[in-house]
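Visitor: Need a 3D model of the sequence below.
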Amino acid sequence: MLFDKVIDMPTGLETLANNISTFLLGIAPVISLILIVMGGITYGLSYTQTPDSRGKWQNTGISMIVGGAIVGAIAGAATLIQETSAGLLT
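Guide: Numbers count the residues shown, from 1 in each chain. All right, here's what the predicted structure looks like:
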């Protein structure tokens, strides 16, 4: 009886993992939005550059936009991914 209560209590590692998960789920949409906006600004500024460096700026801008979209997609599907992986572990 005594050990049943001890086993049901979350350990420090579970609490830490839950806190990290909650933090990342909260901040991921903000990071995604920042990347998309900064990518758009960088891409727009690429047209003010000389032709020899314009491609580098455009590449950076598009990469930031794609990165923001990927972070947003992962953040949107994170709960589903977490539930599926938890189901596979049990």
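
Visitor: what helices or strands is the helix or strand containing Thr42 leaning on?
Guide: Following DSSP states H and E, one finds Thr42 within helix 12-45. If you count contacts as 3 or more CB pairs under 8 Å, 6 or more residues apart in numbering; DSSP states H and E, helix 12-45 packs onto helix 51-89. Where you see a C-beta, it was placed from the backbone N, CA and C, and this is true even at glycine.

Visitor: tell me, how many neighbours does Gln73 end up with?
Guide: Rather than Gln, residue 73 is Ala. 11 (other CB atoms under 10 Å).

Visitor: So for it, what's the pLDDT?
Guide: Ala73 carries a pLDDT value of 93.

Visitor: Correct me if wrong: Ile65 contacts Leu35.
Guide: Yes - under the contact definition of CB atoms under 8 Å, Ile65 touches Leu35, with a separation of 7.2 Å.

Visitor: and the helix holding Thr42 with helix 51-89, angle?
Guide: 160 degrees (axes from the mean of the first three to the mean of the last three CA atoms, to 10 degrees).

Visitor: buried ones in helix 12-45?
Guide: Residues Ala28, Ser32, Leu35, Ile36, Met38, Gly39, Thr42, Tyr43 are the ones in helix 12-45 that count as buried (16 or more other CB atoms under 10 Å).

Visitor: quick one, what contacts the first one?
Guide: For Ala28, the contacting residues are Val71, Gly72, Ile74, Ala75, Ala78, by CB atoms under 8 Å, 6 or more residues apart in numbering.

Visitor: Mind pulling the model confidence for the closest residue to the last one other than its chain neighbours?
Guide: Nearest residue to Ala78 in three dimensions, chain neighbours excluded: Leu25, at 5.8 Å (CB to CB, 6 or more residues apart in numbering). With respect to pLDDT, Leu25 has a value of 86.
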